[in-house]
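Trainee: Need the 3D shape of this:
(chains A and B)
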2 protein chains.
Amino acid sequence: MTAPQGFLACTANLGIKDGTPDFAAVVSSVPATVAAVFTRSRFAGPSVTLSRASLDGTGRGVVVVSKNANVATGSTGDANAAEIRALVAARTGVAPADLLIASTGVIGRQYPMERIRPGLAALPWPFPAADFDAVAAAIMTTDTHAKIVRVRCGDATIAGVAKGVGMIEPNMATLLTFFFTDAEVSAPALDAVFRRVVDRTFNALSIDTDTSTSDTAAVFANGLAGPVDLVEFEEALYDAALTLVKQIARDGEGATTLIEVRVTGARDAEQAKRVGKTIVNSPLVKTAVHGADPNWGRVAMAVGKCEDDLDIDQERVRIAFGDVEVYPSGAPDALDRAQEHLRGDDVVLAVDLGIGPGAFTVYGCDLTDGYIRINADYTT
Amino acid sequence: MTAPQGFLACTANLGIKDGTPDFAAVVSSVPATVAAVFTRSRFAGPSVTLSRASLDGTGRGVVVVSKNANVATGSTGDANAAEIRALVAARTGVAPADLLIASTGVIGRQYPMERIRPGLAALPWPFPAADFDAVAAAIMTTDTHAKIVRVRCGDATIAGVAKGVGMIEPNMATLLTFFFTDAEVSAPALDAVFRRVVDRTFNALSIDTDTSTSDTAAVFANGLAGPVDLVEFEEALYDAALTLVKQIARDGEGATTLIEVRVTGARDAEQAKRVGKTIVNSPLVKTAVHGADPNWGRVAMAVGKCEDDLDIDQERVRIAFGDVEVYPSGAPDALDRAQEHLRGDDVVLAVDLGIGPGAFTVYGCDLTDGYIRINADYTT
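Mentor: Okay, here's the model as predicted:
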């Protein structure tokens, strides 16, 4: 599939942590409309603060630094983020305020500016046409593989990249993910579409209930392929985002299984999402899935945790693994068939609350000893 | 230490799951005042429903069935809970409504009433003087050791027992825990004291963010030792409850380390508790503690998750491991000393928000591969 037109990109190693790529910049050759959402963390880093302040609906691209999140680094960290963005802006002939900046990696360490400055000065310009596979690889931290998607929408193309395997329960935004398209979409339309898409995809994802200080999701539309049907565009962007969400969940730290929790019969979508998140975040549900144990009592327990949803009545709740109903009653072979479903790589937990027409699907992964190994050792 | 006077108890194996004790009943020889709090789960079991309906400030004792929670068992489960309580009431000559009933264990299985009925008919009566060690052992499920405490208060004694290792984030109440005292305390005073104590102890505990369908905490005061100073009584009950909370956290599924999160400098105690719970529940914090990794960035991340606390300002937050401050700045050897502290069995994470006088301490444990092993296998 062709890439969207008019995007130039450069990846590099600036020596931030080791010899692997730790820098990516993507710049549109012409002005683009931009929409973005960011973490709501009270420990948001300077990259988030800077990007949020510059977001005005138009821009040229994004600078990503990986392997160091530049978070909780005080005024030195603020100055370093601004300097890195200014250096890339100067190199590419773009105004600093037209570049977003995003960072990901360890928290609480200063950037090695003595290595970053000469590295940025040596970047080639003009950048070559964007190699999104290289961009997706450069923004990885503990990801085991790069996350990338390309979809078509009329004459236009959308390319998306993402990184993230842990510290993932986005709220308002997520991890790092960037979409680039040559579709022509006005800034207000792009913002509205993007917020709706993020709500149904990245904000429906949880790996481990921990919310990153660096979450940034953005879309750039440079219009080089001309106008698109907005409904089709939203659907295409949704497909692209959902594909990345599933790639992220599958690559959740230590994960072996993608869990999709489909909640139906809720009062409204908001209640369905709340119940779904409660289920997909329950460590007892996640470990049961890991053990392929059709212990639906844990799903019931998790539903029960929504204590303020007084309209949830255990006598109207129905629980299924895949399409196998197990509560309130199952066929004689239900538990065997449920266990068979749980042994697969993609597990669906379906819960109907029996209240109303509200529905929502959320995504997550199982909890394994791999998660413990990765996170008991990272950093030291 | 002597036991509180006037409590009789019996433990037995009724063949609910295997040959280990699965039944306990404690009855006061004279009427007692009673206070109790229960899970708020929407999947609360019939034992909780029945006990909550009978609670009127006075009573005689409690019946506990372990190894099967009798939850999500429909009208048959309702009838079985009522029948078990009625059989014990008949055997002990007490009105059914004067007995609380509590159950714990697997969810979604019916009781083997064909074994329970003859078992209850064979109970000795009168029961011998209460052996609280035996009671604490009989109510265990996956606990690796019994949880028991005895404290003095003037001429009176308080004995407390508890069970619980997983599915523990109490809200309003917790797991199963029962206190028996011969102090004379009026029903309204007992209720007020108990709610305050539970709020600072059991409701300040989280093993894994999952809330049990069976949580029940109760205290029985039969007055045989005469009146006590209420302030002293509250302090004694608090000491007893906190001792059990620490025993539970230490025995959290797979746990190797007790984590105490002390939040100070908050707007109020409620904010301090919210921040503390967010930290103690963060899997990235829990795994860092397990790895003895002084990665304070994860504590900062967890504080940052309190997104709606707009008065939390990362520039006023201070973070310490034990008494070693690591953020915003630490002594040159701070990380080494913090790591030393993290290698101990009792870890203190201290966070000061720099906002106001609010403080709260919460309790939890580390997250280990032992948790995964236990919970990926339980039940099948």
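Trainee: My guess is A:Val326 contacts A:Ile319. True?
Mentor: Yes. Look at A:Val326 against A:Ile319 with Cβ atoms under 8 Å: they come within range, at 5.7 Å. Heads up, the C-betas are built off the backbone N, CA and C, glycines and all.
Trainee: where do the contact lists of these two overlap?
Mentor: Counting by Cβ atoms under 8 Å, 6 or more residues apart in numbering or on different chains, the contacts common to A:Val326 and A:Ile319 are A:Trp296.
Trainee: before we move on, what SS does the residue of chain A most remote from its centre have?
Mentor: Distance from the centre of chain A peaks at A:Pro332, with 40.3 Å (Cα atoms, centre = their mean). Counting by DSSP: H, G, I helix; E, B strand; the rest coil, the backbone at A:Pro332 sits in coil.
Trainee: ok, which stretches of the stretch 101-250 of chain A are helices?
Mentor: Taking DSSP state H, counting those that start in this stretch, the helices of the stretch 101-250 of chain A run over residues A:113-121, A:132-138, A:187-200, A:230-250.
Trainee: Turn those helices into CSV, columns for distance to B:Ala350 and mean neighbour count.
Mentor: Shown next, in CSV, are those (distance: least, Cβ to Cβ, whole Å; neighbours: other Cβ atoms under 10 Å in any protein chain shown):
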stretch, distance to B:Ala350, mean neighbour count
helix A:113-121, 32, 15
helix A:132-138, 38, 22
helix A:187-200, 36, 18
helix A:230-250, 34, 21
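Trainee: Excluding residues flanking it in the chain, which one is nearest the residue of the stretch 101-250 of chain A found nearest chain B?
Mentor: Minimum separation of the stretch 101-250 of chain A from chain B (Cβ to the nearest Cβ) falls at A:Ile107, amounting to 2.7 Å. Distances taken as Cβ to Cβ, 6 or more residues apart in numbering or on different chains put B:Gly297 closest to A:Ile107, at 2.7 Å, once the chain neighbours are dropped.
Trainee: Any idea how many residues pack against that neighbour?
Mentor: By other Cβ atoms under 10 Å in any protein chain shown, the residues close to B:Gly297 number 24.
Trainee: can you pull the buried residues of stretch A:53-73?
Mentor: Using 16 or more other Cβ atoms under 10 Å in any protein chain shown as the test for burial, stretch A:53-73 gives A:54-55, A:59-73.
Trainee: who's in contact with A:Ser54?
Mentor: A:Ser54 is in contact with A:Pro96, A:Ala97, A:Asp98, A:Leu99, A:Leu100, counting by Cβ under 8 Å, 6+ apart.
Trainee: so where is the stretch 151-300 of chain A shaky, pLDDT-wise?
Mentor: Applying pLDDT under 70 to the stretch 151-300 of chain A flags residues A:165-174, A:208-209, A:211-212, A:214.
Trainee: now the strands for it?
Mentor: Remark: strands assigned in the stretch 151-300 of chain A by DSSP state E, counting those that start in this stretch are A:156-163, A:176-181, A:216-221, A:258-266.
Trainee: could you dump those strands to TSV with mean neighbour count?
Mentor: Converted to TSV, those look like this (neighbours: other Cβ atoms under 10 Å in any protein chain shown):
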stretch	mean neighbour count
strand A:156-163	25
strand A:176-181	28
strand A:216-221	28
strand A:258-266	22
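Trainee: Distance to chain B added to those, as TSV?
Mentor: As requested, the strands of the stretch 151-300 of chain A are exported to TSV (distance: least, Cβ to the nearest Cβ, whole Å):
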stretch	distance to chain B
strand A:156-163	16
strand A:176-181	15
strand A:216-221	15
strand A:258-266	13
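Trainee: Most neighbours among the contacts of A:Ser54, which one is it?
Mentor: A:Leu100 (27 neighbours).
Trainee: orientation of the helix or strand that one falls within relative to strand A:216-221 in degrees?
Mentor: Assessed by DSSP states H and E, A:Leu100 sits inside strand A:99-106. Put simply, strand A:99-106 runs at 150 degrees to strand A:216-221, going by axes from the mean of the first three to the mean of the last three Cα atoms, to 10 degrees.
Trainee: Contact partners for the residue of the stretch 151-300 of chain A found nearest chain B?
Mentor: When scored by Cβ to the nearest Cβ, the stretch 151-300 of chain A has A:Gly297 as its residue closest to chain B, at 2.7 Å. Applying Cβ under 8 Å, 6+ apart, we find A:Gly297 in contact with B:Ala69, B:Val71, B:Ala72, B:Val106, B:Ile107, B:Gly108, B:Thr379.
Trainee: same check, this time on A:Lys305
Mentor: A:Lys305 makes contacts with A:Thr278, A:Ser282, B:Ser41, B:Arg42, B:Asp210, B:Thr211, as judged by Cβ under 8 Å, 6+ apart.
Trainee: By neighbours, which of those residues wins?
Mentor: Across the contacts of A:Lys305, neighbour numbers were computed from other Cβ under 10 Å; B:Thr211 holds the maximum, 29 neighbours.
Trainee: Among the contacts of A:Ser54, which one sits closest to chain B?
Mentor: Closest to chain B out of these is A:Leu100 (20.1 Å), distances taken as Cβ to the nearest Cβ.
Trainee: Give the bridge partners for that closest one, please.
Mentor: In this entry, A:Leu100 is beta-bridged to A:Val62, by DSSP bridges.
Trainee: if I read this right, it contacts A:Val65, doesn't it?
Mentor: No. Shown here, A:Leu100 and A:Val65 do not form a contact pair, counting by Cβ under 8 Å, at 11.9 Å.
Trainee: Doesn't A:His341 lie inside a helix?
Mentor: Yes. Counting by three-state DSSP, one finds A:His341 located in a helix.
Trainee: What sits closest to it if chain neighbours are left out?
Mentor: A:Gly322 (3.7 Å).
Trainee: Equivalent analysis for A:Pro96, please.
Mentor: A:Pro96 sits nearest to A:Ala89 (Cβ to Cβ, 6+ apart), 4.2 Å away.
Trainee: got the contact list for that neighbour?
Mentor: A:Ala95, A:Pro96, A:Asp98, A:Leu99.
Trainee: quick check: longest strand of chain A.
Mentor: With secondary structure taken from DSSP state E, chain A has its longest strand at strand A:23-38.
Trainee: Okay, buried residues for the helix or strand just after it please.
Mentor: Downstream of strand A:23-38, the first helix or strand assigned by DSSP H and E is helix A:46-54. For helix A:46-54, burial by neighbour count (16+ other Cβ under 10 Å) applies to A:Pro46, A:Ser47, A:Val48, A:Thr49, A:Leu50, A:Ser51, A:Ser54.
Trainee: wait, the fourth one sits on A:Ala82?
Mentor: No. The criterion here is Cβ under 8 Å, and A:Thr49 misses it with A:Ala82 at 9.9 Å.
Trainee: Phi and psi next, for the residue nearest to A:Pro96.
Mentor: When read as degrees, to the nearest 10, the backbone of A:Ala89 gives phi -60, psi -40.
Trainee: What segments of the stretch 251-380 of chain A are helices?
Mentor: Along the stretch 251-380 of chain A, counting by DSSP H, counting those that start in this stretch, helices occupy A:269-281, A:283-290, A:296-304, A:334-342, A:369-377.
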